[in-house]
Structures are given as C-alpha cells and as structure tokens.
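Peer 1: build me a model:
(one chain, ligands or ions: 1)
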Amino acid sequence: MRKLVTIGAGLAAMAMLAVGASAQQPAKVAPAVVDKVVGAMIAKASPDWQKRMEQDEAQKLCSEHKNELPAALATQMLAAQKKTVVFPADGNVMGDWKNGARIAQNGRGGQFSDAPNAVGGGNCYACHQLSKAEVSYGTMGPSLNEYGKIRKFRPAEAKDAYAKIYNSMAVFPCSNMPRFGLTKALSEQQIKDVVAYLFDPESPVNK
Ligand code: HEC
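Peer 2: Here you go, the predicted model:
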C-alpha cells in the first residue's frame, strides 16, 4: 500500500511538471543545432542514408518559411521545380492501371527492413482515397476518387497528374506530398502506371 501511495505521489508530481512545461513558450533552437542532433541520431547509417537528411534548396526555403512562402518566392519555386519534371520521351504518360493499383497500395521501399533492391511503392492510400472499394485510406491529401472521370479523361490533365506525382512542388510549393520522380522513389514506368490508375476509364478509381 505504501508503495502505491509513493507511485501515486510521483505521478502527481510528474503531471505538475508537465503542466509547468507546456505553459512555457517553446524555446527557439537554431537550425544548425537541430541538424547536428538529427545527424548524430543517424551517425551510424550508411552515407547514402545520411544524404537523405540533407535538404535541397526548395526544402530549405520551405523550412525557413514554415511552408508558407511569400508570393514572389512561391512563383519562383514553382518555375524552378517545374523544370525538374522529366516526361516520358514518347510523350505517353499512361501505363498499366492494374500495376498502378499495386503501387498505390504498396507502402514499402527505402526502409531498413527492405531488401536493398526491393521495388518500392507510392503509398498513395496513406494520404488519399482512390478506389471506393478500399475502406482504409488517409486523409492528409484530397480524395482522388473519380479523378480521371471528373476531368473527362483529358490527356492534358493526365500529363498534369504525371508532373504532380513526379514532383509535387512543381504544382504546389512546399507540398506535403513526396516528390516521387525527383527523389527516384518511383521509376518513370511506375509513375505512368499510377497515372493510368487515376485516368484509365476501366480503373476502379473511376467506377
Ligand atoms: C504523405 C502524403 C501523401 C502521399 C503519400 C501522396 N500524396 Fe498526393 N497529395 C498529398 C497532399 C497533401 C495533396 C494536396 C496538396 C498538394 O497539392 O500538394 C496531394 C495532392 C495530390 C494530387 C492533386 C490533387 C488535386 O487537387 O488535383 C494528386 C493527383 C495526387 N496527390 C496523387 C498522388 C498519388 C498518385 C500518390 C501516390 C503515388 C500520392 N498522391 C501520394 C499528399 C500525399
């Protein structure tokens, strides 16, 4: 019994400490300090992994402005990011929607537990609804259900979707969506397959 009382008193003291801490203003930490701490956390990772922690110019700007760029900077960023999009040489952005469905569902790739040459996925369902038949999906991004149908399957809009998936920041500066083509998380063929998943009239996304 005495032990229980002691634990209870300890918890109460901790709760009070927590209240005290949350009432304070968050301390300002210099970005260089954050970089150092994060770098130390992955110091034993391979150089290839460590490189992933380095922000490119666009990411640095987004961090600096807490993802809310002043209009002039946003316009500049869109122009610069648009230039990074590499379209398929033959201009055809539509692949195989059935493979696209698998890529949209697959959240693996680039993880410690993945085999080095394992083919990664796009994990689109983590953030988007796509097919109505799938009940498990995240809502960070808008629903993409009937994405192609709503756009009357227009080829120009399929091309825009390819650009969006290749580099989300070419369409929306400081987007939370991964830049799949730019970071090589998805290959050209995989992006085409996902575009077909969005734009093929036979795809369950458009049913
Ligand atoms: C980490 C979350 C996340 C993931 C994963 C993600 N997206 Fe997104 N996506 C977003 C957010 C947030 C937006 C809205 C803001 C924006 O446009 O960047 C968005 C926007 C979009 C849009 C534009 C929607 C419109 O309004 O026209 C398309 C198309 C899209 N995503 C497709 C995909 C596809 C395909 C995948 C998988 C290959 C994917 N997304 C993976 C977060 C994500």
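Peer 1: phi, psi of Arg108?
Peer 2: Arg108 adopts backbone torsions of phi -90, psi 170, taken as degrees, to the nearest 10.
Peer 1: give the residue spans of the protein that score low on pLDDT.
Peer 2: Low-confidence segments of the chain (pLDDT under 70): 1-24.
Peer 1: and if we set it to 50?
Peer 2: For the chain, applying pLDDT under 50 flags the ranges 1-20.
Peer 1: let me see the ranges of the helices in it.
Peer 2: For the chain, the helices defined by DSSP state H occupy 2-23, 31-41, 47-51, 57-64, 71-82, 97-105, 147-150, 155-166, 188-199.
Peer 1: contact partners for the closest residue to Glu146 other than its chain neighbours?
Peer 2: For Glu146, ignoring the flanking residues on the chain, the nearest one in space by Cβ to Cβ, 6 or more residues apart in numbering is Asn206 at 5.6 Å. Yep, even glycine has a C-beta here, placed from its N, CA and C like the rest. By Cβ atoms under 8 Å, 6 or more residues apart in numbering, Asn206 lies in contact with Glu146, Tyr147, Gly148, Lys149, Phe199, Asp200.
Peer 1: identify the residues contacting Ala185.
Peer 2: Listed by Cβ under 8 Å, 6+ apart, the contact partners of Ala185 are Gly109, Gly110, Gly120, Gly122, Pro178, Arg179.
Peer 1: so which bits of the protein are right by the ligand?
Peer 2: Within the chain, the positions adjacent to the ligand are 104, 122-124, 126-128, 140-142, 144, 161, 164-165, 168, 171-172, 175-178, 180, 194 by Cβ under 6 Å from any ligand atom.
Peer 1: can I get the buried ones among these as something I can paste into ChimeraX?
Peer 2: Listed next is the ChimeraX selection for buried residues among the residues of the chain next to the ligand, using 16 or more other Cβ atoms under 10 Å:
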select :104,122,123,124,126,127,128,141,144,161,164,165,168,171,175,177,178,180,194
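Peer 1: is Leu182 in contact with Ala80, as I believe?
Peer 2: No: judged on Cβ atoms under 8 Å, Leu182 makes no contact with Ala80 at a distance of 11.6 Å.
Peer 1: more crowded one of those two?
Peer 2: Each of Leu182 and Ala80 has its neighbours counted (other Cβ atoms under 10 Å); Leu182 has more, 18 against 15.
Peer 1: could you list the buried residues of stretch 139-158?
Peer 2: Buried residues in stretch 139-158, defined by neighbour count with 16+ other Cβ under 10 Å: Gly141, Leu144, Asn145, Glu146, Tyr147, Gly148, Arg151, Phe153, Glu157, Ala158.
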